[in-house]
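Q: sequence below, structure please.
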Amino acid sequence: MERRDVSSWNAVLAGLVELGRHGEAFELFGEMRADGVRADGFSLSALLAAAGEGFGLPEGEAVHALSLKSGLETDLSVGNALIGFYAEHGCSVEDVVSVFQGMPVKDVISWTGLLNAYMEFGLVDMALDVFDRMPQRNFITYNAVLTGFCQNKEGVRVTFAKKAGLRGLRLFRQMVEDGLEISDVTVTGALNACAIAADRKMSEQVHAFVIKCGCGSTPWIDAALIDMCIKCGRSGDAHLLFEQWRHQESFHIAWNSLLLASVRDGEYEKALSTFLQMFRSSGVGFIDEFMLTAALGVCGALGFAELGKQMHSFSAKSGLLDACGVGNAIISMYGKCGELDDAVSFFERMTCRDLVSWNAMITAHLLHGQGEEILDIWGQMERLGMRPDSITFLLVISSCSHTSSDSTDQCRELFVSMSSKYGIEPAMEHYAAFVNVLGCWGHFDEAEQLIGGMPFKPGALVWRSLLDSCSKRSNTTVRRWAMKHLLALEPQDPSTYVLASNLFSESARWHSSENTRLEMREKGMRKIPARSWTFHDNVVHSFFARDRSHPQSRDIFAGLDVLILECIKAGYEPDTTFVLHDVEEYQKRHFLMYHSAKLAAMYGLLTARPGRTVRVVKNIRMCGDCHSFLEHASAATGKVLSVRDSSGFHVFRGGRCSCRE
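A: Numbers count the residues shown, from 1 in each chain. Alright, predicted model coming up:
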């Protein structure tokens with residue numbers, strides 16, 4: 001073209017952004033300025049889209065600075081683009097508020113963008129305040145609120161989640177009554193809200209509405225229907241929808257729905273079965289980034305290292321390894337499977353690292369009780385200018401109870417810096433973690449002061465953290481005080497009753513212990529049974545205490561009897577203080593012998609190939625006697641035994657454990 005005006009440049013610029021060629025868009029913008037063409041609002045809006053999709057905060061801030069220099073910050077389209085950019089990439093919601101307040105003219109897009117930002121940062125009440133003050137609303141605004149309700153159910157208590165779901169459903173009903181346009185996004189949001197509320201009757205009504213209005217015609221709506229049915233106790237309807245799936249070109253979405261529903265419900269064995277069934281029926285062609293991430297998460301949750309490594313290999317061959325979400329899932333999987341060296345090696349080779357990558361790396365070290373290493377990683381993050389989030393602080397604060405020497409001073413500095421340096425207000429979880437650190441190092445007076453000075457009422461999580469640290473320091477007085485508060489807060493929680501019963505048993509108050517358990521039974525409460533599992537030939541082999549249901553139980557029990565005798569000869573002494581029942585001593589020893597962790601470890605020893613680590617996962621904390629036995633067993637057999645329980649990893653090698661307890 002002989003004469004290229006700003007419209008010509010903008011057309012090419014928009015095309016490059018549309019094609020995802022974000023680097024070229026920035027290069028073209030540089031040529032445009034070099035050619036003496038003055039950018040307009042459309043140019044900067046397109047450039048902000050390129051920064052948001054292909055780059056990050058520094059590039060977006062550079063475009064913002066350019067808008068201020070050129071006087072285009074008052075342009076409505078630029079202001080709206082800046083609001084959208086900072087809502088997704090900004091460090092705090094104040095970035096968005098600052099842009100919004102500086103706009104001389106605002107439209108419904110501006111207001112909806114501000115509302116979206118508050119939802120993105122989890123400030124639901126402030127988002128609703130914006131919604132109430134909006135001079136004009138459209139169906140996009142309603143969709144933003146509905147989607148926000150669904151997004152903000154994560155990481156909070158179930159009761160709050162259900163409330164968010166019900167609020168979303170009320171909003172959907174209001175949209176229908178007001179005659180607003182009901183889009184696919186609206187319907188998907190309503191189905192998600194219903195799934196969160198877990199209301200069976202409401203789910204049937206929404207399902208009927210979807211059928212009546214003819215909305216169920218896209219893969220995403222049908223997938224949301226499957227998810228809603230599963231969450232609302234309608235598994236039969238969910239599987240019927242799956243069997244009637246009409247979108248053969250996107251059948252993987254249906255599989256994803258079943259898989260993710262099982263993952264979210266914590267039914268990892270069911271999720272694994274779903275994934276393997278999909279793999280056998282459809283092959284690798286249907287595996288996308290989301291399914292692979294979910295499958296890696298399942299491998300990590302179950303401790304299935306072999307399949308996790310196969311998923312890693314597949315991601316490399318299929319080109320999915322470059323996806324940041326997949327890479328983060330690989331780090332998490334290796335960490336949860338006890339392959340810390342592999343997690344570190346992969347992290348160091350990653351081409352795409354974000355904050356989730358760093359958090360996953362810290363979590364992996366935390367599972368292995370490596371507090372000093374975590375503090376080193378924190379130092380690296382600070383030097384690199386990585387901005388932490390609330391999860392980072394929770395992990396790093398927790399690591400201070402896993403250092404080889406008292407690190408409460410450093411923990412105190414971290415806790416204070418959350419709000420003073422990073423503008424992140426400590427939540428209940430952060431206080432609980434700090435209380436646990438103080439208790440672990442014996443600073444119970446300071447822990448009591450911290451609890452008394454909390455800006456909100458201490459929750460059950462805080463008292464459980466204090467109880468846990470009391471056990472490590474054998475502080476009975478503080479433990480009883482914490483137990484009293486916990487019982488008052490969670491009178492209907494079975495685990496609270498179990499804790500109280502155990503506390504009575506440890507004090508030889510057998511009558512009180514039995515009365516507590518009797519009260520549990522009368523209220524219909526059941527404690528979570530201890531369960532341990534291991535893998536052999538890609539099959540999960542589960543065990544409960546004294547469980548003889550396994551096909552090879554005769555070999556397992558016989559082998560365990562022999563191994564226990566060998567360990568006793570080497571100095572192992574069964575610790576009957578971990579049997580919290582008022583029975584004869586010989587009965588206590590019998591109860592100890594066949595705990596689930598011992599049975600799973602024995603099966604692993606019988607089936608493990610030479611040189612392979614025996615891996616066991618337990619759903620609750622391993623008792624002290626099993627810990628002592630496995631130390632002796634690792635020396636007697638010459639095998640490495642890795643056990644992951646609710647507290648983290650215990651790697652037994654040559655008679656010693658990595659946890660140093």
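Q: tell me the SS of the closest residue to Asp35 other than its chain neighbours?
A: Closest residue in space to Asp35, ignoring its immediate chain neighbours: Arg4 at 7.1 Å, by CB to CB, 6 or more residues apart in numbering. For glycine as for every other residue, the C-beta is placed from the backbone atoms N, C-alpha and C. The assignment at Arg4 comes out as coil when based on DSSP: H, G, I helix; E, B strand; the rest coil.
Q: tell me, how many residues neighbour Arg4?
A: Counted by other CB atoms under 10 Å, the residues lying close to Arg4 total 13.
Q: and the pLDDT at it?
A: According to the predicted model, the pLDDT of Arg4 comes to 74.
Q: and the one 5 residues further on, by the same measure?
A: According to the predicted model, the pLDDT of Trp9 comes to 83.
Q: list phi and psi for it.
A: Main-chain torsions, Trp9, degrees, to the nearest 10: phi -60, psi -40.
Q: I'd assumed Glu31 was in contact with the residue nearest to Asp35.
A: No - counting by CB atoms under 8 Å, no contact exists between Arg4 and Glu31, whose distance comes to 10.1 Å.
Q: what residue, apart from its backbone neighbours, is nearest Met428 spatially?
A: Once its chain neighbours are removed from consideration, Met428 has its nearest residue in Gly459; the separation is 5.0 Å (CB to CB, 6+ apart).
Q: list the contacts of that neighbour.
A: If a contact means CB atoms under 8 Å, 6 or more residues apart in numbering, then Gly459 has 428, 432, 489 as its contacts.
Q: quick check: next helix or strand after the helix or strand of the chain with the lowest mean pLDDT?
A: The helix or strand with the lowest mean pLDDT-type score in the chain, counting by mean pLDDT, DSSP states H and E, is helix 158-177 (a mean of 55). From helix 158-177 onward toward the C-terminus, using DSSP states H and E, the following helix or strand is helix 184-197.
Q: I'd like the next helix or strand past that next one.
A: Moving toward the C-terminus from helix 184-197, the next helix or strand (DSSP H and E) is helix 200-213.
Q: centre of the chain versus that following helix, how much separation?
A: How far helix 200-213 lies from its chain's middle: 30 Å, per CA atoms, centre = their mean, to the nearest Å.
Q: mean confidence for the helix or strand just after it?
A: Under the assignment DSSP H and E, the closest C-terminal helix or strand after helix 200-213 is helix 219-231. This predicted structure assigns helix 219-231 an average pLDDT of 81.
Q: average pLDDT for the helix or strand following helix 219-231?
A: Helices and strands here follow DSSP H and E; after helix 219-231, the next one along the chain is helix 235-243. Averaged over helix 235-243, pLDDT sits at 80.
Q: ok and helix 235-243 relative to helix 219-231, angle-wise?
A: An angle of 160 degrees separates the directions of helix 235-243 and helix 219-231 when computed by axes from the mean of the first three to the mean of the last three CA atoms, to 10 degrees.
Q: check which helices and strands helix 235-243 is in contact with.
A: Taking 3 or more CB pairs under 8 Å, 6 or more residues apart in numbering; DSSP states H and E as contact, the helices and strands that helix 235-243 lies on are helix 219-231, helix 251-264.
Q: show residues contacting the shortest one.
A: This means helix 219-231. Counting contacts by CB under 8 Å, 6+ apart, the residues touching helix 219-231 from outside are 184, 187-188, 191-192, 194-196, 198, 203, 206-207, 210, 215-216, 235, 237-238, 241-242, 245-247, 250, 253-254, 256-258, 260-261, 265.
Q: gap between the residue nearest to Met428 and His430?
A: 12 Å (CB to CB, to the nearest Å).
Q: ok, now Asn80?
A: Separation of Asn80 from His430 (CB to CB): 35 Å.
Q: between these two, tell me which one has more neighbours.
A: Asn80 (24 against 19).
Q: circling back to that earlier point, just the buried ones among the contacts of helix 219-231, please.
A: Applying 16 or more other CB atoms under 10 Å to the contacts of helix 219-231, the neighbour count classes 187-188, 191-192, 194-196, 198, 203, 206-207, 210, 215-216, 237-238, 241-242, 245, 250, 253-254, 256-258, 260-261 as buried.
Q: on that earlier part again, and the contacts of Gly459, which are buried?
A: With neighbours counted using 16+ other CB under 10 Å, the contacts of Gly459 contain these buried positions: 428, 432, 489.
Q: count the residues that sit near Val416.
A: Using other CB under 10 Å, the number of residues around Val416 comes to 11.
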